[in-house]
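Q: Show me the folded form of this:
(one chain, ligands or ions: 2)
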Amino acid sequence: MLTILADSNIAHLHDYFNEHILQQPINVIAVAGRDIDATMIAEYQPDALLIRSVTPINAELLKDNDSVKYVGSATIGTDHVDQDYLRERGIYFSNAAGCSKHSVAQYVLTAIFNLRPQYWGGNNSDITDSQTVPIKLGIIGLGNIGSTLAGYAADLGWQVLGYDPLLPASDINNASFEQVLSESDVISLHVPLTRATDSDYSTYHLIDKQALAKIANTTILINSARGPVISEADLLSDFERNPQRQVVLDVFEHEPVVSAELLNQLAIATPHIAGYTLEGKLRGTQIIFDEFLTVFGPQGLGDVAVEAVYLMDELLPENPYRWQQLKQAPEQLAKFYDIKADDALLGESVDNEAQAVLAEKFDGLRKNYALRREWLFER
Ligand SMILES: NC(=O)C1=CN([C@@H]2O[C@H](COP(=O)(O)OP(=O)(O)OC[C@H]3O[C@@H](n4cnc5c(N)ncnc54)[C@H](O)[C@@H]3O)[C@@H](O)[C@H]2O)C=CC1
Ligand SMILES: O=C(O)C(=O)[C@H](O)COP(=O)(O)O
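A: Ligands and ions are numbered 1, 2, ... in the order given. Modelled structure (predicted):
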């Protein structure tokens, strides 16, 4: 029998991983992602581990185990996975690249329009009434999410200042890091979390004291990538000099704990839900299910030729939301996703004694999150 140990927060886990679809007896054990540890692995001896972003995968977890053949993370980010170690051990790993790229881009646009409704027309009327000055959107990291966001910006008539040192220059990869920092009206971060040991362009504390000093205090700064990309200590010091700076955080350096001191300064704060749409989460599951089938193949699945299945259309309710319609009427967008309600819930979750949102509350908000819809983007 095939045993799968999985994060219970994986959307529609049992709709994909069941005996009917896999045509054989299987044992799917679903637990909170943060509870998956070496003891649990020793107890269940799973063939596959299906995770999201909160289960660190490394030697400490797997060194005494020989059963795991596949680790699938139904997320885009991979900073929680020691992929070198898995390669050494011959354990196949895949993530769900791109699964929530529209969800995150739409979160960023919603945050911007919430803070600056006047940007809807595409011109920066804060600067001038008489001249046409396009909004400048700075995007750091132009992979799946950054380039998707750039597509929306182009559709809105905005100018993109993009920086991605690992991609060739292009119409959107068109600026230096310093230019993005100093010239943008809004800066949005879409980089993976990397350290100097993994990358020549490490993103750990990419936004530190020096970077913040280059950003005008009228520029909105948005981080929906990973918390440690911004130095929280430097951001807090910066707020002392620039209390009016508008910062939007969906991710936090010390997540799942968020200090009240930081929360009180933020223009919008949400509990790591930028990618939390029905579509984004379900796509993540579909992608790792497809990989699971290729890894185990008919042999690992007991010589049964399991057909590929695509359950997205079946499991998703009809989607009436279309970008071309939404963008005609800004007030519709505000109704489409009430980002301020998410912000309020996080604010109300502060523990008075600890002066912080504690891990259990933060995780609870995420587990019980009413998943949004994505709007459909056709030009
Ligand atoms: N808040 C949320 O709910 C979600 C957060 N994420 C985060 O967003 C990150 C980005 O996602 P994708 O765009 O899909 O990833 P991606 O891998 O498609 O793109 C990342 C881009 O960042 C670039 N990059 C790397 N180091 C850089 C640096 N120092 N400066 C500028 N660019 C750099 C890479 O060249 C790449 O093009 C993920 O790694 C994940 O951590 C992803 C999904 C949901
Ligand atoms: O895909 C990613 O990367 C993310 O950050 C996820 O949207 C976060 O999902 P969880 O695994 O933390 O639920």
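Q: which residue is nearest the middle of this structure?
A: Note on the chain: the residue nearest the mean C-alpha position is Gly275, at 5.0 Å, using CA atoms, centre = their mean.
Q: any idea how far the residue nearest to that one when sequence neighbours are not counted lies from Leu278?
A: Using CB to CB, 6 or more residues apart in numbering and skipping the chain neighbours, the partner closest in space to Gly275 is Ser100 (3.3 Å). Where you see a C-beta, it was placed from the backbone N, CA and C, and this is true even at glycine. For Ser100, the distance to Leu278 equals 11 Å [CB to CB, to the nearest Å].
Q: packing partners for the longest helix along the chain?
A: For the chain, the helix that runs over the most residues, judged by DSSP state H, is helix 278-300. Helix 278-300 sits against helix 13-16, strand 48-51, strand 70-73, strand 92-94, helix 101-115, helix 312-315, with contacts defined as 3 or more CB pairs under 8 Å, 6 or more residues apart in numbering; DSSP states H and E.
Q: and Asp7, which of those is closest to it?
A: Closest approach to Asp7 among the helices and strands packed on helix 278-300 (CB to CB): strand 48-51, 5.1 Å.
Q: which outside residues touch that closest one?
A: Outside strand 48-51, the residues within contact range by CB atoms under 8 Å, 6 or more residues apart in numbering are 2-7, 10, 13, 17, 33, 36, 41, 55, 57, 68-75, 80, 288, 292, 295-296.
Q: let's see it at 7 Å
A: Identification of contacts with strand 48-51 by CB atoms under 7 Å, 6 or more residues apart in numbering yields 4-7, 10, 33, 36, 57, 68-74, 288, 292.
Q: How about the residue in the chain that ligand 1 sits nearest to, nearest residue that isn't a chain neighbour?
A: Closest contact between the chain and ligand 1, by CB to the nearest ligand atom, is at Gly143 (1.8 Å). Nearest residue to Gly143, sequence neighbours excluded (CB to CB, 6+ apart): His190, at 6.7 Å.
Q: which ones are touching whichever residue of the stretch 251-379 of the chain sits closest to ligand 2?
A: Nearest residue of the stretch 251-379 of the chain to ligand 2 (CB to the nearest ligand atom) works out as Gly275 at 3.3 Å. Listed by CB under 7 Å, 6+ apart, the contact set of Gly275 reads 100, 103-104.
Q: Just the closest of those residues to ligand 2, please.
A: Within those, proximity to ligand 2 (CB to the nearest ligand atom) peaks at Ser100, which comes in at 5.5 Å.
Q: Could I get the helices and strands packed on helix 278-300 in a markdown table, plus columns for distance to ligand 2?
A: Converted to a markdown table, the helices and strands packed on helix 278-300 look like this (distance: least, CB to the nearest ligand atom, whole Å):
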| stretch | distance to ligand 2 |
| --- | --- |
| helix 13-16 | 13 |
| strand 48-51 | 8 |
| strand 70-73 | 8 |
| strand 92-94 | 13 |
| helix 101-115 | 8 |
| helix 312-315 | 17 |
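Q: a markdown table please, covering these and showing mean pLDDT, mean neighbour count and distance to Ile220.
A: Formatted as a markdown table, the helices and strands packed on helix 278-300 follow (pLDDT from 0 to 100; neighbours: other CB atoms under 10 Å; distance: least, CB to CB, whole Å):
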| stretch | mean pLDDT | mean neighbour count | distance to Ile220 |
| --- | --- | --- | --- |
| helix 13-16 | 97 | 18 | 37 |
| strand 48-51 | 98 | 26 | 33 |
| strand 70-73 | 98 | 24 | 30 |
| strand 92-94 | 98 | 18 | 34 |
| helix 101-115 | 97 | 24 | 6 |
| helix 312-315 | 94 | 11 | 33 |
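Q: could I get these as a markdown table with distance to Gln328?
A: As requested, the helices and strands packed on helix 278-300 are exported to a markdown table (distance: least, CB to CB, whole Å):
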| stretch | distance to Gln328 |
| --- | --- |
| helix 13-16 | 36 |
| strand 48-51 | 41 |
| strand 70-73 | 38 |
| strand 92-94 | 39 |
| helix 101-115 | 14 |
| helix 312-315 | 27 |
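Q: Make sure I have this right: Leu365 is in a strand.
A: No - assigned with DSSP: H, G, I helix; E, B strand; the rest coil, Leu365 falls outside any strand and is helix.
Q: Tell me how far the closest residue to it other than its chain neighbours lies from Thr294.
A: In this structure, Leu365 finds its nearest non-sequential neighbour in Pro271, 4.4 Å apart by CB to CB, 6+ apart. Separation of Pro271 from Thr294 (CB to CB) stands at 34 Å.
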